[in-house]
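K.L.:
Structure here, sequence nowhere to be found:
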């Protein structure tokens, strides 16, 4: 399954909606290429986002999850939920990145799997989830 493909997603942190506050002096994320295919499952986008954010945090582009959450206009709790995807076994992360849109995976039904530290247990639970 590992064929060394790079997946790039566009993330618009400045999209304003009705009733949203706008920040005058917030830091900007590096420019990103817009998503070429909107049929990419949301869970794959979230997994890629978690990997990207982790890389940015390690490079000291941002201080912490709270700063990322403010920039992304999500709660710190939601940012933590997204970043917890990185606690999955590497092979599960890879499967999520290349998951079929027909497979109904979402972040919520992965939460019980993420709670387990043992990767073997995670794999067993993930297999059970994807076999349904």
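P.N.:
Nice, I can see it. From a predicted model like this one, the values you see are computed outputs, not experimental measurements.
K.L.:
State the pLDDT value of the most centrally placed residue in the chain.
P.N.:
Among the residues of the chain, the one closest to the centroid is residue 46, at 2.5 Å (Cα atoms, centre = their mean). Looking at residue 46, its pLDDT is 95.
K.L.:
buried residues in the helix or strand of the chain with the lowest mean pLDDT?
P.N.:
Sorting the helices and strands of the chain by mean pLDDT, DSSP states H and E puts helix 65-72 at the bottom, at a mean of 93. Judged by neighbour count using 16 or more other Cβ atoms under 10 Å, the buried positions of helix 65-72 are 65, 67-72. Glycine gets a C-beta too; all of them are placed from N, C-alpha and C.
K.L.:
Could you do stretch 86-97 as well?
P.N.:
87-89, 92-93, 95-97.
K.L.:
do the same with stretch 102-112
P.N.:
Neighbour-count burial for stretch 102-112, counted by 16+ other Cβ under 10 Å, picks out 105, 107, 110.
K.L.:
hmm, back to that, any idea which element the residue nearest to the centre of the chain lies in?
P.N.:
Using DSSP states H and E, residue 46 maps to helix 42-58.
K.L.:
got it, and residue 39?
P.N.:
Counting by DSSP H and E, no helix or strand carries residue 39.
K.L.:
do residue 62 as well
P.N.:
In the assignment (DSSP H and E), residue 62 maps to no helix and no strand.
K.L.:
Residue 118 - how many residues pack around it?
P.N.:
Per other Cβ atoms under 10 Å, the neighbour tally for residue 118 reads 10.
K.L.:
what do you get for residue 84?
P.N.:
Each residue near residue 84 was counted by other Cβ under 10 Å, and the total is 15.
K.L.:
What is the burial count for the residue lying closest to it once chain neighbours are set aside?
P.N.:
In space, and not counting its chain neighbours, residue 84 is closest to residue 114: 4.9 Å by Cβ to Cβ, 6 or more residues apart in numbering. Here the count is done by other Cβ under 10 Å, and residue 114 has 17 residues near it.
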